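Asker: here are the coordinates; sequence isn't available:
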């Protein structure tokens, strides 16, 4: 997982409310266990509509998505986070998120930023013409027009995102302590070791 610090660039002014995970990545795309190629199916029903903002060349490769209230509701599919990452999105800004989606996003290195609707409205307007910057360290979203919005983030999630640590990475950080524990256990409880027979 790549570390997250500052995310800057164009933002897709999507803005729709109650976008569920089936909209983000339809069920037909869940047959894969690979994270690659899911961008092709991302927002498939939205992209079927002429003139949709997701396919607008103006926002191709945008690292930020601006959405409406309750983004990521519905089923708990992790593919939704994978699809966003495959699109190049590493930050989603919305008034609120589904808890499960927010957790999946965090575990895959996507920063979810909650801001009040009036600030979302302002960012939607700016995004039509100019880039937006999201800074995890200072917990701010800024624009070239001196807008500066602060957001809250769980300290544990902030630390993990800034270091690029997923659950495997967190475990590996403790590899020395784990090795020492296993060594001590092998000495004090040798019968638990593989291949060791219990004496009669």
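Answerer: Perfect, I can see it now. Please read these numbers as outputs of a predicted model, since none were measured by experiment.
Asker: where does the prediction get shaky in this protein?
Answerer: Along the chain, segments meeting pLDDT under 70 span 168-173, 194-200.
Asker: ok, which stretches of it are strands?
Answerer: When secondary structure is read from DSSP state E, the chain shows strands at 6-9, 11-13, 64-66, 91-94, 111-114, 132-135, 140-142, 148-150.
Asker: Serialize those strands to JSON lines and add fields for distance to residue 79.
Answerer: Placement of C-beta: from N, CA and C, glycine included. Compiled in JSON lines, these are given as follows (distance: least, Cβ to Cβ, whole Å):
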{"stretch": "strand 6-9", "distance to residue 79": "22"}
{"stretch": "strand 11-13", "distance to residue 79": "19"}
{"stretch": "strand 64-66", "distance to residue 79": "16"}
{"stretch": "strand 91-94", "distance to residue 79": "15"}
{"stretch": "strand 111-114", "distance to residue 79": "17"}
{"stretch": "strand 132-135", "distance to residue 79": "24"}
{"stretch": "strand 140-142", "distance to residue 79": "27"}
{"stretch": "strand 148-150", "distance to residue 79": "30"}
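Asker: can you say which of these is packed in most?
Answerer: strand 64-66 (a mean of 27; mean count of other Cβ atoms under 10 Å).
Asker: list of residues touching that one?
Answerer: Here strand 64-66 makes contact (Cβ atoms under 8 Å, 6 or more residues apart in numbering) with 7, 9-15, 84, 89-94, 120, 123-124, 127, 132, 134.
Asker: ok so, going back, to residue 101, which of the strands of the chain lies closest?
Answerer: With distances scored as Cβ to Cβ, the stretch of the strands of the chain nearest to residue 101 is strand 111-114 (7.9 Å).
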